[in-house]
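Trainee: Sharing a model that was predicted from the sequence below.
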Amino acid sequence: MPAQLNHTIMHSSDRFASARFLTDLLGAPEPKAYGPFAAVPLANGVTVDYADSIVTPDRIVMQHLAFLVSEDEFDEIHARITERGLPYWGDPAHREPQQINHRHNGRGVYVDDPDGHAIEFLTHPYVTDH
């Protein structure tokens with residue numbers, strides 16, 4: 001059996017602010033304190049655990065999280081992004097501002113969290129040749 005991802009840790013300047021940014025966009029419950037983390041549980045049992053960085057915020061290395069969501073969830077998330085006036089992009093390099101992409105037979109959008117981490121929402125998994 002292949003391994004299953006259980007959790008990932010995201011460094012942040014304020015663990016609860018970053019976790020709430022994500023839960024607000026997802027329409028998910030408030031993040032929970034778990035030891036030194038602000039934990040965001042996902043539907044598949046994986047948690048995104050935000051930790052206050054032990055280095056200065058300008059030294060936080062950008063990470064990328066991609067969330068596979070339904071078409072309806074995508075519409076809700078996109079509405080939350082636009083209601084908040086957040087910049088978003090159709091590509092990870094930020095060359096397609098305020099656009100949604102239609103790659104891989106679905107829709108996708110990228111938004112940066114308060115620490116510059118790239119958060120991607122997509123409705124269809126990437127098509128890959130294995």
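Mentor: Received, thanks.
Trainee: any weak-confidence spans in the chain?
Mentor: 1, 55-58, 128-130 (pLDDT under 70).
Trainee: Helices of that one, residue ranges please.
Mentor: With helices called from DSSP state H, the chain shows them at 15-26, 71-83.
Trainee: In CSV: those helices, plus mean neighbour count and distance to Gly90.
Mentor: Every residue, glycine included, has its C-beta placed from N, CA and C. Listed next are the helices of the chain as CSV, based on neighbours: other C-beta atoms under 10 Å; distance: least, C-beta to C-beta, whole Å:
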stretch, mean neighbour count, distance to Gly90
helix 15-26, 20, 17
helix 71-83, 14, 11
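Trainee: And these: which comes nearest Asp113?
Mentor: Distance to Asp113, taken as C-beta to C-beta, is lowest for helix 15-26 among the helices of the chain, at 5.1 Å.
Trainee: Please report the distance of Leu26 from Ile119.
Mentor: Relative to Ile119, Leu26 is positioned 10 Å away (C-beta to C-beta, to the nearest Å).
Trainee: Now for those two: what residues contact both?
Mentor: Shared contacts of Leu26 and Ile119 (C-beta atoms under 8 Å, 6 or more residues apart in numbering): Phe67.
Trainee: per-domain residue ranges of this protein.
Mentor: 1-53, 63-130 (automatic domain parsing).
Trainee: where does the last one sit relative to the chain's centre, distance-wise?
Mentor: So the one you mean is domain 63-130. Put simply, domain 63-130 sits 8 Å off its chain's centre (C-alpha atoms, centre = their mean, to the nearest Å).
Trainee: contacting residues around stretch 90-105?
Mentor: Against stretch 90-105 from outside (C-beta under 8 Å, 6+ apart): 64, 78, 87-89, 107-110, 118, 120, 122, 124-127.
Trainee: Apply 10 Å and report the result again.
Mentor: Identification of contacts with stretch 90-105 by C-beta atoms under 10 Å, 6 or more residues apart in numbering yields 64, 66, 74, 78, 81-82, 86-89, 107-110, 112, 118, 120-128.
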